[in-house]
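Undergrad: Predicted model, plus sequence, below.
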Amino acid sequence: MKIREILKLFDKLEMETREGRDTIAKFRYNGEVIIRTKVPHKRGELRGLLIHFIRQQLRLNETQFQELTNCTLSRDDYIQVLKEKGYIDKE
């Protein structure tokens, strides 16, 4: 998976991004930071276990991550996943 594809996923989830040594992404819900992750500035493919670590930091299993990359998991669906896993309080 290419780094720019990961950055598109961050945009899809409406994550805040900040450039520093790496690109830092934060997922906010009701003003509170729920998830943080980062990707390197390098271009091209993510190598090694970086995709695995990003998936884990997003709190998604492999199936959910595939749904996100295939554009079948929306921001609202992602919020629901986080609620089911207890990262966001159910209202």
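TA: Arrived safely, thanks for sending. Just so we're clear, the structure is a prediction, and the values are computed from it rather than from any experiment. Numbers count the residues shown, from 1 in each chain.

Undergrad: how about the helices in the chain?
TA: For the chain, the helices defined by DSSP state H cover 3-12, 50-57, 62-69, 75-84.

Undergrad: Show the pLDDT at the residue most central in space within the chain.
TA: With distances taken as CA atoms, centre = their mean, the residue of the chain nearest its centroid is Leu58 (4.5 Å). With respect to pLDDT, Leu58 scores 96.

Undergrad: Next: Met1.
TA: Note for Met1: predicted pLDDT of 87.

Undergrad: And for the one 3 residues further on?
TA: According to the model's per-residue confidence, Arg4 sits at a pLDDT of 89.

Undergrad: Also the one 10 residues further on?
TA: At Glu14, the pLDDT value in this model is 95.

Undergrad: Ends of stretch 38-56, what's the gap?
TA: Using CA to CA, to the nearest Å, one end of stretch 38-56 lies 12 Å from the other.

Undergrad: Then stretch 25-40?
TA: Taking CA to CA, the first and last residues of stretch 25-40 lie 11 Å apart.
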